[in-house]
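Undergrad: With the input below, show me the fold.
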Amino acid sequence: QLPLEEQPATPLQRPAAAPASAAQRDDAPFILILEPDARAAEQLARALQQHGYATLISGSAAEARQLLQRFDVEALTFWRVLERCGDYSRVELTPITGRSHQLRVHMLSIGHPLLGDRLYAHEQALQAHERLCLHASMLALTHPQTGERLRFECPAPF
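TA: Numbering: from 1, shown residues only. The predicted structure is shown next:
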């Protein structure tokens with residue numbers, strides 16, 4: 001048998017009825033969590049407590065910490081400037097709600113599109129990076145069976 005790193009990748013197999021949750025951002029890495037049934041999916045949704053994202057945005061963001069809200073649909077995001085780097089800023093985003101493209105639209109709405117964002121960035125921000133600079137850097141949840149608080153962190157590759 002081949003060592004694990006040399007074995008050919010095989011597609012993930014799961015029953016057709018099993019729900020799946022995915023956090024995917026266009027060309028960015030994604031997490032796929034498979035739930036064996038609807039009950040497990042509901043437990044996971046209750047267990048997920050916090051998400052944190054690292055991003056690079058266009059411009060030098062003026063505020064160190066803010067809450068963004070869109071009034072046409074409930075969508076809340078906390079954001080905090082970690083570092084200002086001339087033409088861009090490193091920012092931590094914490095979504096309170098989970099709307100489609102929420103983080104990208106919120107940052108665009110205050111004039112700071114994400115670098116490399118093919119859907120929302122102006123030309124300068126699009127050309128500033130070869131990929132979408134949005135990375136799920138932290139996930140915290142309570143284990144549904146043991147009640148243990150779990151926290152997973154992964155630094156941004158940019």
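Undergrad: for the chain, what spans make up the helices?
TA: Counting by DSSP state H, one finds helices in the chain at the ranges 38-47, 102-109, 123-127.
Undergrad: For those helices, give me TSV that also has distance to M138.
TA: Any C-beta I mention is one placed from the backbone N, CA and C, and that applies to glycine too. What follows is the helices of the chain, written out as TSV (distance: least, Cβ to Cβ, whole Å):
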stretch	distance to M138
helix 38-47	15
helix 102-109	14
helix 123-127	24
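Undergrad: Would you point to the one among the ones you listed that's packed deepest?
TA: Of these, the one with the most neighbours on average (mean count of other Cβ atoms under 10 Å) is helix 102-109, at a mean of 20.
Undergrad: Identify the residues contacting that one?
TA: 25, 53, 55, 57, 68, 70, 75, 77, 79, 91, 93, 95, 99, 113-114, 117, 119-121, 134 (Cβ atoms under 8 Å, 6 or more residues apart in numbering).
Undergrad: Thought M138 was touching H51, still the case?
TA: Yes - with contact defined as Cβ atoms under 8 Å, H51 reaches M138; the gap is 6.9 Å.
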